[in-house]
Structure formats: C-alpha cells, structure tokens
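Asker: after the sequence you'll find the predicted model.
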Amino acid sequence: MSGYLEGVLVLLAINIVYAYAAFLPIAAGQLNLGIAGFAVIGGYFSAFVSNQLAVSPLLAIPLGGAVAGLVGLAVAVPVLRTRGIYLALATFALGEMVRAGILNLEVVGGAAGYPVTAFIRLPTIALFTLGVVGLVWLLFSTRFGIAITAVHDDERVADLMGLNVRAFQVAAFTMGSAIAGIGGGLYAHHFSYIEAQYFSISLSISIVLYVLFGGTQSVLGPLLGATVFTLLPELLRGSAQWRYVIFAAILIVVMVVRPQGLVTGTQIRRLLGLRSEFDRKEQAT
Amino acid sequence: MTGPDPILIFDAVSKHFGGLAVIEDLSFSVRRGSCTGLIGPNGAGKTTVFNLITGVYPIDTGRILLDGVDIARIPSRRRIHHGVARNFQNIRLMPHLSALENILIGQHCRNSGFLGVLQPVNLIPGNRWREEARAALAEAGLAQIENATVGSLPYGLQKRIELLRALMAQPRLLLLDEPAAGLNPAETDALREDITAICRDRGITLLVVEHDMHFVDALCSEVVVLNFGRKIAEGSPDRVREDALVREAYLGTAAAEQTHA
C-alpha cells in the first residue's frame, strides 16, 4: 500500500471516529461544538500515559477515551442545561478552554506540542474504528437507540412516557466525548506528535458537518458523511486549486436537495427490505 | 363528592398561569372501572386537567390522588409508572421513529432500568418486547405499517398508533383527549366499540375529553362538566344535560341539539 493511500485511509478512519463522537449528542438533539476539545483531552492523556508509563497504545488510547468521557460527564450536567444556540456556544467555549489550558500545560510541551514515542499504523486504527462503529451500531439496536430518537423528537412526550430525558442526554454526550477522546488518541499515536492548535473550532465544525451531511437519523449517516468529506477532496485533486470550490459546491447542492442528510431511518428500513405500503406511497409522491 | 371506590380523586386543585385562573378549586373523582367524560366549552380547562394529572404543569394547590397516592408530588416522568397514560389532542408521536418503534416507546415504563434500556429490540428478531409490540399492532390490524415512519402516515392511523402506545404502558387509568376528533361517524363508532372492549377486558378506567356529545353519551356512564376552570355539574350524561348551568354554558349547542331531536 502506498504511503499516500495509507495516509488517506488513516485520516478516513479517524474522521469516522470523530463523526460518531458528534453523532451521539446530535441524535439526542444536542449540538456539541466542543468535539475537538474532548479529542485533545483523549489525545494528550493517552500520549502522556504511553510516553511516561510505557503503556501500550492499545491500552493508552481507550484510557484517553475514558478520561475524555469522564470530563464529558462532569461538564454535561451544567452544560446541557442550556439549549439550542446557547448549548452550541457553551460547548464551543468548553473546547476552546481545554485547548487554551493544554497550550499552557508545560508538562506536555505547552505550545510547542508533544511528541509521542509509540506508533500505530492503519490496521490498529482501522480496528479501533471498527470497534467504535460496531459499538454504536449495537447500542442503537437496543431500546437506547429508540429512546435517544424519542428524546430528540419530543422531550415532553418522552418524559411523560417515563423516559429519563436528562439521563439519556447526559449519556449520549458522555459517550460522544469518550469516542472523541479515542479519536484524539489514534491521531496522536499515528502522527507521533500532537499539538493543541490543531484541535480548533474549525475541526469541531467539520466533524459536525460530517454528521449533518451524512444524516443525523441513522447510524450509517456519520460513516457516510465522514467518508465523503475525507475522500471527495482527494478525488478532486486532479483540478488542483479548484478542488475546494468544487467540493463546497457539491456540499451546497446536496444540502439543498437532501436537507435531512444522505441517509435516513426510512431509507435504511427500505434497504433492508422492510418496506411498507405507506413508504411506497410516500416514495411515489 | 367522592363516589364509591374512586381510582382518581381531584381534591381542591387550583392552577393559575400568572393572574389567570385556569383551574379553580376543582374537586371530582373518577370511579374505578368507569368511563368518565370530562366536557365543557372551549377553554374550560379540560386539557389542563390532563396536563395536571400527567405533570406537564405542576399544580398550585390541592392534591391529585391516584389509588391513594398523591401523584402531584411525583415527577412527571414517574407518573406513568403509577399507571396513568394518555394521548394528546394534537397527535404527538415520534416522527422519526417507525410505527413499531413508537409502540416500543410505550413499553418504556416497564423497561426503564439499565438492563431494560439495553434490550436489543432491533437486533434480535424474536425479542420478547419487540414481539409484544408487533402483536399489538397486528391485533389492531396495523401489521402492514409496522416499519413505516409515522410522520408519513395518515392522520387516522397516527391516532390509532398513539392510542396503542398509551395502552402499551398497561395503565390503570387512561386519559384520552378528543379521541374522536377528525374521525368520520363510522370511524367514531368503531373507535367507541374498540375503546369499550379494551377498557372492559383490561380493567382500565377511562377519563375522556370529548366535544362529540353523542360519543360521550354512548361511551360514558358519568360526566364532569367544567366551565372557566370550575366544575359546574357532574352525574350521568342525562342528568347533566338537564342541568341549568350546563345548558347555559352550552346554550347554542344544546338548543341546536334539541331542535334536531
């Protein structure tokens, strides 16, 4: 495999992990614009652990995810009191706070960045990605997935049906934070170097776009969105400096034609052959 | 005031929104196993009564006793665990979920623990809860739409799914807010027969808000009449119809009905 291809696939695998980090809170109706902040926590923590304690990245990366998840849990309760644009702002501020904090943390190199000794390649990263996708898919095959969508669709009715709305939102936010931490750990251990500047708001926004583009209503949406966002600019390399213009134009067209994202729950049910009379009618109209 | 063996007692309940009294010192009871109608002109506070029972709004003063437990002091989320379920005047299904998944949401209060939430209802085809929900849809003649996204379904079907969702909670007390609204006479009759049979077979007590007086007459043994948040009459539909205050509140409608009769 060429170095270029491996590089693209590594990026793809990491972006898919990030996409699921954003997907979980979005599926529960909560926009988390601080994904990069949780990724940087997981990245630095796993790098620190594998550097200082000579722990295998296979253990250090999940540990970084766990720490990012714990931070997510700690902030979820106050942060999720805000809604809509205020929640987006609060999570944005949170991500920037974490980034600024690490920039000033001399023990991990501060603004100079932090070199990582242990190195992982595509197969290991792909394994982690498969694990994350598999776990989220399993989770969404349970009552949890239905409950999350119910909370997203109508909080009031979900509450009256006995769902602990707040608990589901906190759980989704926390799990998303942990997954973001795993993504950060994968990044740090592949590129052998991590710096807080990279994990900026623009990364968080890109990640949220993967999910919005792919579709927020089905588990396959983030996978598809991250894939398109990662591979399309590469495929357009032929046209040099115009590629980002073309890429942006394609995004705009898709969002106009399919504001619900590329895939929806209804479509998945159709693909699985679970068609119903009324879906067919809807399709016809 | 309190009849024999009440399942629900409204005891001197008041609710104000700012300076506006929407429910004023309201007391009534619902006899276990009965089908009680809650009627009154628009804005009388009928839906507010449902919202107070289920905890959409907290009450200001008074008590709401369900089998002796003051559910007004229980968080809204826990009230369905005490056996009270409802539908909504404007259908409120989860539009992104399929019909079957909406029914599964109705089972949530029987599955709300950690392990219940992790029930693999969409993973294992023969899952007990999934099969129960499918059977309920099939029994209602809705098997062919179980995988349809509910947002795309016609109004009448959505109404039936919402009723099924409430029944999946296995309530002791079912609150129905205008179940016959938007249905044609044939559908209304079918609905009345279904509701009667279901409540009788499962021992469910019914409290129903409805504008269609023929529906109320045929379905309900007892009626509570509200106007401006106060109770103005209660009793059998026939007795209530003769009540002077009720006739006054309903003057236009009552006069019209009498000329038709």
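Answerer: That came in fine, so what should we check first? Numbers count the residues shown, from 1 in each chain, chains lettered A, B, ... in the order given.

Asker: alpha carbons only for contacts and neighbour counts from here, please
Answerer: Fine.

Asker: and the residue of the stretch 151-285 of chain A found nearest chain B, what does it touch?
Answerer: Per Cα to the nearest Cα, residue A:162 is where the stretch 151-285 of chain A lies closest to chain B, at 4.5 Å. By Cα atoms under 8 Å, 6 or more residues apart in numbering or on different chains, residue A:162 lies in contact with B:76, B:77, B:78, B:79, B:80, B:81, B:108, B:109, B:112.

Asker: gap between residue B:102 and residue B:165?
Answerer: Distance, residue B:102 to residue B:165, by Cα to Cα, to the nearest Å: 7 Å.

Asker: same check, this time on residue B:88
Answerer: In terms of Cα to Cα, residue B:88 sits 11 Å off from residue B:165.

Asker: near chain B, which residues of the stretch 101-250 of chain A show up?
Answerer: Taking Cα under 8 Å from any Cα of the partner chain as the contact definition, the stretch 101-250 of chain A meets chain B at A:138-139, A:141-144, A:146-147, A:149-150, A:153-154, A:156-157, A:159-164, A:217.

Asker: out of those residues, which are buried?
Answerer: Buried by 16 or more other Cα atoms under 10 Å in any protein chain shown: A:138-139, A:141-144, A:146-147, A:149-150, A:153-154, A:156-157, A:159-164, A:217, out of those.

Asker: and the one helix or strand residue B:37 maps to, what does it pack onto?
Answerer: Using DSSP states H and E, residue B:37 falls within strand B:35-39. Where contact means 3 or more Cα pairs under 8 Å, 6 or more residues apart in numbering or on different chains; DSSP states H and E, strand B:35-39 is packed against strand B:205-209, strand B:222-227.

Asker: indicate which one of the ones you listed is closest to chain A.
Answerer: Closest among those, using Cα to the nearest Cα: strand B:205-209, at 17.0 Å.

Asker: find the closest residue to chain B in the stretch 51-200 of chain A.
Answerer: Closest point on the stretch 51-200 of chain A to chain B, by Cα to the nearest Cα, is residue A:142, at 3.9 Å.

Asker: quick one: contacts for that residue?
Answerer: B:117, B:118, B:119, B:120, B:121, B:122, B:123 are the contacts of residue A:142 under Cα under 8 Å, 6+ apart.

Asker: can you tell me the closest non-neighbouring residue to it?
Answerer: Closest residue to residue A:142 apart from its sequence neighbours, by Cα to Cα, 6 or more residues apart in numbering or on different chains: residue B:120 at 3.9 Å.

Asker: low-confidence stretches in chain A?
Answerer: Chain A contains residues with pLDDT under 70 at A:1, A:270-285.

Asker: now do the strands in the stretch 51-200 of chain A.
Answerer: Using DSSP state E, counting those that start in this stretch, the strands found in the stretch 51-200 of chain A span residues A:114-115, A:193-194.

Asker: any chance of TSV for these, columns mean neighbour count?
Answerer: Formatted as TSV, the strands of the stretch 51-200 of chain A follow (neighbours: other Cα atoms under 10 Å in any protein chain shown):
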stretch	mean neighbour count
strand A:114-115	20
strand A:193-194	21
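
Asker: could those go into a markdown table alongside distance to residue A:268?
Answerer: Formatted as a markdown table, the strands of the stretch 51-200 of chain A follow (distance: least, Cα to Cα, whole Å):
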| stretch | distance to residue A:268 |
| --- | --- |
| strand A:114-115 | 43 |
| strand A:193-194 | 38 |
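
Asker: that older thread, can you add secondary structure and give the contacts of residue A:142 back as JSON lines?
Answerer: Below are the contacts of residue A:142 laid out as JSON lines (DSSP: H, G, I helix; E, B strand; the rest coil):
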{"residue": "B:117", "secondary structure": "helix"}
{"residue": "B:118", "secondary structure": "coil"}
{"residue": "B:119", "secondary structure": "coil"}
{"residue": "B:120", "secondary structure": "coil"}
{"residue": "B:121", "secondary structure": "coil"}
{"residue": "B:122", "secondary structure": "coil"}
{"residue": "B:123", "secondary structure": "coil"}
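
Asker: out of the residues you listed, grab the one that's most surrounded.
Answerer: residue B:121 (24 neighbours; other Cα atoms under 10 Å in any protein chain shown).

Asker: got a list of what residue A:189 touches?
Answerer: A:47, A:57, A:116, A:117, A:118, A:119, A:120.

Asker: equivalent analysis for residue B:218, please.
Answerer: Per Cα under 8 Å, 6+ apart, neighbours of residue B:218: residue B:192.

Asker: mind running it again at 10 Å?
Answerer: Shown in contact with residue B:218 (Cα atoms under 10 Å, 6 or more residues apart in numbering or on different chains): B:189, B:192, B:193, B:196, B:237.

Asker: closest one of those residues to chain A?
Answerer: For the contacts of residue B:218, the nearest to chain A is residue B:196 (23.1 Å; Cα to the nearest Cα).

Asker: now that the closest one has come up, it's in contact with residue B:215, right?
Answerer: No. When contacts are counted by Cα atoms under 10 Å, residue B:196 is not listed as touching residue B:215 (11.6 Å).

Asker: looking from chain A, tell me which residue of the stretch 51-200 of chain B is nearest.
Answerer: Using Cα to the nearest Cα, residue B:120 is the residue of the stretch 51-200 of chain B that sits closest to chain A, at 3.9 Å.

Asker: skip the chain neighbours and tell me the closest residue to residue 116.
Answerer: You didn't pick a chain, so chain A it is. That would be residue A:192: by Cα to Cα, 6+ apart, it lies 4.5 Å from residue A:116.

Asker: sorry, I should have been clearer: chain B.
Answerer: residue A:143 (7.5 Å).

Asker: distance check, the one you found against residue B:181.
Answerer: Using Cα to Cα, residue A:143 is found at 32 Å from residue B:181.

Asker: same thing with residue A:38?
Answerer: Distance from residue A:38 to residue B:181, by Cα to Cα: 50 Å.

Asker: can you give me the neighbour number for residue B:13?
Answerer: Neighbours of residue B:13 using other Cα under 10 Å come to 22.

Asker: helix/strand/coil for it?
Answerer: Strictly by three-state DSSP, residue B:13 counts as strand.

Asker: verify the stated contact: it with residue B:29.
Answerer: No. The pair residue B:13 and residue B:29 fails to qualify as a contact (Cα under 10 Å) at a distance of 11.9 Å.

Asker: mutual contacts of these two, please.
Answerer: Listed contacts common to residue B:13 and residue B:29 are residue B:64; contacts here mean Cα under 10 Å, 6+ apart.

Asker: quick one on the thing from earlier: between residue B:102 and residue B:165, who's got more neighbours?
Answerer: Between residue B:102 and residue B:165, counted using other Cα under 10 Å, residue B:165 has the larger neighbour count: 28 against 25.

Asker: so who does the more buried one touch?
Answerer: By Cα under 10 Å, 6+ apart, the contact list for residue B:165 reads A:161, B:85-87, B:93, B:99-107, B:133, B:136-137, B:159.

Asker: pull the contacting residues for the nearest residue to residue A:265 once chain neighbours are set aside.
Answerer: Closest residue to residue A:265 apart from its sequence neighbours, by Cα to Cα, 6+ apart: residue A:218 at 5.2 Å. Applying Cα under 10 Å, 6+ apart to residue A:218 gives the contacts A:23, A:27, A:137, A:140, A:145, A:149, A:211, A:261-268, B:96.
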